[in-house]
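Trainee: Provided below for reference: sequence and predicted model.
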Amino acid sequence: MIVTLERAADTDKVRAELAGLGLWVIPYRDDGGGVCYLVEAHSGAVTRERLAEIAGVASVAAPPSTHPLVDVQEATIEIAGRRIGAGEPTRLMAGPCSIESPEQIHTIAERIASEGATFLRGGAFKPRSSPYAFQGHGEQALGWIREAANAHSLKVVTEALGETTVDAVARHADLIQIGSRNMHNTSLLRAVAQTAKPVLLKRGMAATVEEWLLSGEYLLLHGAASVLFCERGIRGFDGQTRNLLDLSAVALLSHVHGLSVIVDPSHALGRRDLIVPLSRAALGAGAAGVLVETHDDPAAAFSDGPQALPPEAFHDLACAVVGPSSPALFE
Ligand code: PEP
Ligand code: MN
């Protein structure tokens, strides 16, 4: 809260009274219009009315938000005719880490559609840690995933890795993914936003929630239709899982900020055996859907094989996330 003092106010007295209410008192701005304090509660809330009663206080206001467009985004968003968010069906987004061939993506599309998934994922441009690892089949793979999705009434989510390929990605994708490594890449955010498509914004692996929301603000400011936030795990200190899935952030975005947020347990864990329980936990925390990697033969996958769900395990996951497949979920 921002408390502005009257010109003649006894500042020491007002500060003491604010501190006595259990508030941190931070000098905010003195632009000649009077002394202002930003006050934050240590614990428990102090009402605006109580602050306004203090002798010497001229006005009490909420601080301006750093992400006003994110703040007013609706709790549910529409992506290519499919709604996602509070009160909507839980959405399952699935597919391989990399699009490996037309046959591979068609087979997976058919399988995930029959399990109730709404979105087909798969990377044509892969952000690999090693320059020697498979980098993706590039633009031709965008055509393969689009055709596979169309054949099974699925929507496409795929990553834009660099500015030069944003237009090609936008021509084929329903939802453009910004990967974890690019959450801070503001020129890519701008370029993707200018396509006016909805964007799936992964959280940077060392990004604060505020930085994540600010990247969302970049996207909305520069024209993105909407932003779907995706928690995929942040860097932890324990190597037993690839990352540390921050479900507090999921609850915060969903319940406090009223935003659509999904969870990617595959990249959070780096292993397939815990994906079902972690997905259940994510939905309990307020996630509107789950994004997972699946492969018909994980041992032969071009990338991220250890975390890919083989068909039987994917079936179990789909039952946990969307329930036994029903035609309504294809709508
Ligand atoms: C991906 O989804 O393919 C991916 C590379 O994920 P992340 O950006 O979360 O590492
Ligand atoms: Mn992957």
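Mentor: Received the coordinates, thanks. Residues are numbered from 1 along each chain as shown. Ligands and ions are numbered 1, 2, ... in the order given.

Trainee: near ligand 1, which residues of the chain show up?
Mentor: 97, 123, 127, 179-181, 202, 232, 264, 267 (CB under 6 Å from any ligand atom). The way it works is simple: take the backbone N, C-alpha and C, and place the C-beta from them, glycine included.

Trainee: Low-confidence regions, the stretch 1-150 of the chain specifically.
Mentor: Across the stretch 1-150 of the chain, the stretches falling below the confidence threshold (pLDDT under 70) are 30-33.

Trainee: Where do the helices of it begin and end?
Mentor: Using DSSP state H, counting those that start in this stretch, the helices assigned to the stretch 1-150 of the chain run over residues 11-20, 48-52, 68-72, 102-114, 139-151.

Trainee: For the fourth one, buried residues please.
Mentor: By neighbour count with 16 or more other CB atoms under 10 Å, helix 102-114 contains the buried residues 102, 104-109, 111-113.

Trainee: residues touching the closest residue to ligand 1 within the chain, list them.
Mentor: Each residue of the chain has a distance to ligand 1, by CB to the nearest ligand atom, and the smallest belongs to Gly179, at 3.1 Å. The contact partners of Gly179, by CB atoms under 8 Å, 6 or more residues apart in numbering, come to 127, 159, 161, 202.

Trainee: dump the residue contacts of the first one.
Mentor: To tie it back to what came earlier, the one meant is Pro127. The neighbourhood of Pro127, defined by CB under 8 Å, 6+ apart, consists of 159, 161, 179, 181-182.

Trainee: And it, its phi and psi?
Mentor: Pro127 has phi and psi values of phi -80, psi 90 when expressed as degrees, to the nearest 10.

Trainee: Can I get stretch 117-136 in PDB, CA atoms only?
Mentor: Taking C-alpha atoms only, stretch 117-136 is exported to PDB below (Å, rounded to 0.1, in the frame of the first residue of the first chain):
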ATOM      1  CA  ALA A 117      -5.300 -35.100 -25.400                       C
ATOM      2  CA  THR A 118      -6.100 -31.800 -27.000                       C
ATOM      3  CA  PHE A 119      -2.700 -30.500 -28.100                       C
ATOM      4  CA  LEU A 120       0.200 -32.300 -29.900                       C
ATOM      5  CA  ARG A 121       3.600 -31.100 -28.800                       C
ATOM      6  CA  GLY A 122       7.000 -31.700 -30.500                       C
ATOM      7  CA  GLY A 123      10.100 -29.700 -31.200                       C
ATOM      8  CA  ALA A 124      11.300 -28.800 -34.700                       C
ATOM      9  CA  PHE A 125      14.000 -26.500 -33.400                       C
ATOM     10  CA  LYS A 126      15.600 -28.000 -30.300                       C
ATOM     11  CA  PRO A 127      17.400 -25.900 -27.600                       C
ATOM     12  CA  ARG A 128      20.000 -28.600 -26.700                       C
ATOM     13  CA  SER A 129      22.700 -28.000 -24.000                       C
ATOM     14  CA  SER A 130      25.300 -29.700 -26.200                       C
ATOM     15  CA  PRO A 131      26.000 -28.400 -29.700                       C
ATOM     16  CA  TYR A 132      26.700 -32.000 -30.700                       C
ATOM     17  CA  ALA A 133      23.200 -33.300 -29.700                       C
ATOM     18  CA  PHE A 134      20.300 -33.500 -32.200                       C
ATOM     19  CA  GLN A 135      19.200 -30.000 -33.000                       C
ATOM     20  CA  GLY A 136      15.800 -30.800 -34.600                       C
END
